[in-house]
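# Sequence and predicted structure are below.
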Amino acid sequence: MRRAVLAGAAVLLVVVAVIEWPAEAVDFADRLAPPSAAHLLGTDQLGRDVLARVLGGVRYSLGLGLLALAVAVSVGTASGLASGWWPRHPLARGTQALVDVLVALPALLVGLVVAAVLGSGLVPALLAIVVTGWAPFARQAHRLTVAVRGEEWVLAATALGAGPRRLLRHHVLPAVASPLLASIAARFAGTVLTLAGLSFLGLGIQPPTPEWGAMLAEGRTYVFVAPWLVVAPAAALVASTLALGCIAARPGVLTDRS
Amino acid sequence: MLAVALRRLAWIPPVLLVTSVAVFVLPRLLGGEVTRSVIRARSASSTPDPATEERLTRELGLDRPVVTQYLDWLGGALCGDLGTSFTTRSPVGSEVLGAAGVSLMLAASALAVALAVGVPLGALAAGRPDGVADRATRWGGAVALAVPEFVLGPVLVLAVAVGAGWLPALGWGSAQEAVLPVLTLAVWPAALAARLVRAETAEVLGHPSVRTARAKGLSPRRTLLVHVVPRALTSVVAGAGPFLGGTLGGAVVVEVVFAVPGLGRLLAEAVGDRDLPVIQAGLVLVVAVALLAALATELAQMAADPRLRP
């Protein structure tokens, strides 16, 4: 039942992300209008419909967050599996040392560094998230792999002649996947917040693209006359992270096959 | 322990040197873009003419080889001269240090508030699992961890400063002006501390030593305060890395939201304007602080838990 609700919500979000919302349609005759029947969440300083912008932001705030997370998970899991399987290899040790440093660095500060080097924009923001984001997954995959390595069924598979590639892909990865999946949901919320935070600081996605963090930064100037410009993107952002937090608190929803 | 501290301290200067090279050289590979950003920041005109661009490039010293520029900067930096800002034309050293002091005040007060609120809440919640305090802390904590500073800040401004008119919305300097920024920054670490202390306290409560303490006649409250909470605090020390990191990152946002003249705001603006001298000095300082904080965390962990000592 819960899985059905979750799947429904995911499908709905994908549909919202794919639809072209009129998020950048300007109407100077109808600026800073409060919520009404014509504009359910009001309009902004350029007369753009806030509801359309919030819905249009799903693609950027959640979609790009998911993209950055997918890259971070892939890189982190692959490196964690390898470093956990050959823990004494110098490369594995180097990776572990790097991971130890990276997990302590705040993503927002790394975003500042990346923006200082590459300039601000979508690609630097995603890069900043991936640069630190893969480290926690690498650490977790490493620990899980080290734990699984000594199991008898791994020994049995080795005895049957499976090489390291087959062992890692068909035996170790499935065994470590479900705890990793649980932490992905938790990290997704953090990724979305980091991306929105970078855009809020003007280092990530730039206006007029309807990203929630960038919308908040724009709307802050008008908070006295048009509070809905702040409330709408803030509510969208908090609702998403809260929902992801709830999923992360009950990982069984994602991993139970019963 | 001293040997570990010294060995790790010795690593910090080389790491800083590498950081400074990266932060110095990479933006300069962009070429003319830097000069154009500086012109945009100094004047409102968005289409600089080539003559101005060339003159400014020479004035800022950006036409010289990168290696010469770097060695010049490094020599100055080692003597305490960090150059002048591209945009404000004031000395970078005093600008960055003044801003860092403000950031330190902000982060330290927020962490103090967070620990003062979060630790007792976590202990209280663990004292009676599934009780009122436990549920309230769990739900409040989930909400607090889901709301970022750049949402909480504007919402607090809207509610407390604009709606009720109790406190000023922006600024830094008086005690009233400090309330909202410190509060905004404190919420996330407080929730994290409460969660950590609650989890660890619950675990320690199941330990045989707690049963012994109760059996010899100690009251539940005394057992909790004397035997359980101090031990649970080691988990907060162990988790201090992400704790400090998250607060540092949050401070950047809070400074921008409340117009606090701290290091984060200075850096965010400098990055936008490509003010390279400010970026170099600020980022090297931030990395140095992060490295020292990580070292201090590790040493504190060793002090709290003898098993970690070499």
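Looks like it came in fine. Numbering: from 1, shown residues only, chains lettered A, B, ... in the order given.
# residue contacts, residue A:136?
By CB atoms under 8 Å, 6 or more residues apart in numbering or on different chains, residue A:136 lies in contact with A:76, A:103, A:183, A:187. Any C-beta I mention is one placed from the backbone N, CA and C, and that applies to glycine too.
# Verify the contact between the second one and residue A:133 for me.
No: contact between residue A:103 and residue A:133 fails when scored by CB atoms under 8 Å: they sit 10.2 Å apart.
# Can you list the low-confidence ranges for chain A?
A:1, A:104, A:251-258 (pLDDT under 70).
# For it, which segments count as strands?
Secondary structure of chain A, counting by DSSP state E: no strands present.
# so which helix or strand takes in residue B:107?
Under the criterion DSSP states H and E, the helix or strand holding residue B:107 is helix B:92-127.
# Check whether the helix or strand that that helix is followed by comes near chain A.
Counting by DSSP H and E, the next helix or strand C-terminal to helix B:92-127 is helix B:132-146. Yes: for helix B:132-146 and chain A, the contact criterion (CB under 8 Å from any CB of the partner chain) is met by B:142-143, B:145-146.
# Flag every buried residue along helix B:132-146.
Within helix B:132-146, the residues that qualify as buried are B:133-134, B:137-138, B:140-142, B:144-146, counting by 16 or more other CB atoms under 10 Å in any protein chain shown.
# and the direction of the helix holding residue B:107 versus that of helix B:132-146, what angle?
Angle, helix B:92-127 to helix B:132-146, by axes from the mean of the first three to the mean of the last three CA atoms, to 10 degrees: 150 degrees.
# Farthest-apart pair in the residues of helix B:132-146 next to chain A, please.
B:143 and B:145 (7.5 Å; CB to CB).
# show me where pLDDT drops low in chain B?
Residue ranges of chain B with pLDDT under 70: B:30-32, B:44-48, B:239, B:241-242, B:310.
# in chain B, what residue is nearest chain A?
In chain B, the residue found nearest to chain A is residue B:249; the distance is 3.4 Å by CB to the nearest CB.
# Helix or strand next in line after the helix or strand harbouring that residue, which one?
For residue B:249, the host element (DSSP H and E) is helix B:240-257. Moving toward the C-terminus from helix B:240-257, the first helix or strand encountered (DSSP H and E) is helix B:263-273.
# Excluding its own residues, what touches that next one? List them.
Residues contacting helix B:263-273 (CB under 8 Å, 6+ apart): A:112, A:115-116, A:120, A:201-203, B:37-38, B:40-41, B:85-87, B:95-96, B:99-100, B:102-103, B:248, B:251-256, B:259, B:275, B:278-279, B:282-283, B:285-286.
# In PDB, could you pull the C-alpha coordinates for that helix?
Extracted in PDB, the C-alpha atoms of helix B:263-273 (Å, rounded to 0.1, in the frame of the first residue of the first chain):
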ATOM      1  CA  LEU B 263      33.700  35.800   6.000                       C
ATOM      2  CA  GLY B 264      31.000  33.700   4.200                       C
ATOM      3  CA  ARG B 265      29.200  36.800   2.800                       C
ATOM      4  CA  LEU B 266      32.600  38.300   1.800                       C
ATOM      5  CA  LEU B 267      33.500  35.200   0.000                       C
ATOM      6  CA  ALA B 268      30.200  34.700  -1.700                       C
ATOM      7  CA  GLU B 269      30.400  38.300  -3.000                       C
ATOM      8  CA  ALA B 270      34.000  37.900  -4.000                       C
ATOM      9  CA  VAL B 271      33.300  34.800  -6.000                       C
ATOM     10  CA  GLY B 272      30.500  36.500  -7.800                       C
ATOM     11  CA  ASP B 273      32.700  39.500  -8.700                       C
END
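# Give me the angle between that helix and helix B:92-127.
130 degrees.
# Which elements pack onto whatever helix or strand comes next after helix B:263-273?
Sequence-wise, the next helix or strand downstream of helix B:263-273 (DSSP H and E) is helix B:276-304. Helix B:276-304 makes packing contacts with helix A:107-118, helix B:2-28, helix B:66-78, helix B:92-127, helix B:229-238, helix B:240-257, helix B:263-273 when contacts are defined by 3 or more CB pairs under 8 Å, 6 or more residues apart in numbering or on different chains; DSSP states H and E.
# Helix B:276-304 versus helix B:2-28: what angle between them?
Counting by the same axes, to 10 degrees, helix B:276-304 lies at 160 degrees to helix B:2-28.
# Pull out the buried residues from helix B:276-304.
Residues B:276-287, B:289-291, B:293-295, B:297-299, B:301-302, B:304 are the ones in helix B:276-304 that count as buried (16+ other CB under 10 Å).
# repeat for stretch B:203-222
Using 16+ other CB under 10 Å as the burial criterion, the residues of stretch B:203-222 that qualify are B:204-205, B:210, B:213, B:218.
# one step back: of residue A:103 and residue A:133, who's got more company?
Neighbours per residue (other CB atoms under 10 Å in any protein chain shown) separate residue A:103 from residue A:133, with residue A:133 holding more: 24 against 15.
# residues touching that one, list them.
Residue A:133 neighbours (CB under 8 Å, 6+ apart): A:68-69, A:71-72, A:76, A:107, A:187, A:191.
# do stretch A:207-221 and chain B meet?
Yes: Stretch A:207-221 comes into contact with chain B (CB under 8 Å from any CB), by way of A:213, A:216-217, A:220.
# ok, residues contacting that stretch?
Applying CB under 8 Å, 6+ apart, the external contacts of stretch A:207-221 come out as A:21, A:23-24, A:44-45, A:52-54, A:56-57, A:60-61, A:195-202, A:204-206, A:226, A:229-230, A:232-234, A:236-237, B:150-151, B:154, B:257.
# Which phi and psi values does the residue nearest to residue B:171 when sequence neighbours are not counted adopt?
Counting by CB to CB, 6 or more residues apart in numbering or on different chains, residue B:177 is the residue found nearest to residue B:171 once chain neighbours are left out, at 4.3 Å. Main-chain dihedrals, residue B:177, degrees, to the nearest 10: phi -70, psi -30.
# Settle this for me: residue B:177 is touching residue B:157, isn't it.
No: in this structure residue B:177 lies outside contact range of residue B:157 using CB under 8 Å: 11.9 Å.
# Name the residues contacting each of those two.
Common neighbours of residue B:177 and residue B:157 (CB under 8 Å, 6+ apart) are B:170, B:258.
# okay, these two: which has more neighbours?
residue B:157 (23 against 18).
# Could you pull up the residues touching the more buried one?
A:223, B:169-170, B:180, B:257-258.
# please redo it, this time with the cut-off set to 10 Å
A:220, A:223-224, A:230, B:163, B:167-170, B:180, B:184, B:257-258 (CB atoms under 10 Å, 6 or more residues apart in numbering or on different chains).
# and if you look at residue B:176?
Per CB under 10 Å, 6+ apart, neighbours of residue B:176: B:166-168.
# Kindly recompute the last result at 7 Å.
By CB atoms under 7 Å, 6 or more residues apart in numbering or on different chains, residue B:176 lies in contact with B:167-168.
# just to revisit the earlier point, drop anything exposed from the contacts of stretch A:207-221.
A:21, A:23, A:44, A:52-54, A:56-57, A:60-61, A:195-202, A:204-205, A:226, A:229-230, A:232-234, A:236-237, B:150-151, B:154, B:257.
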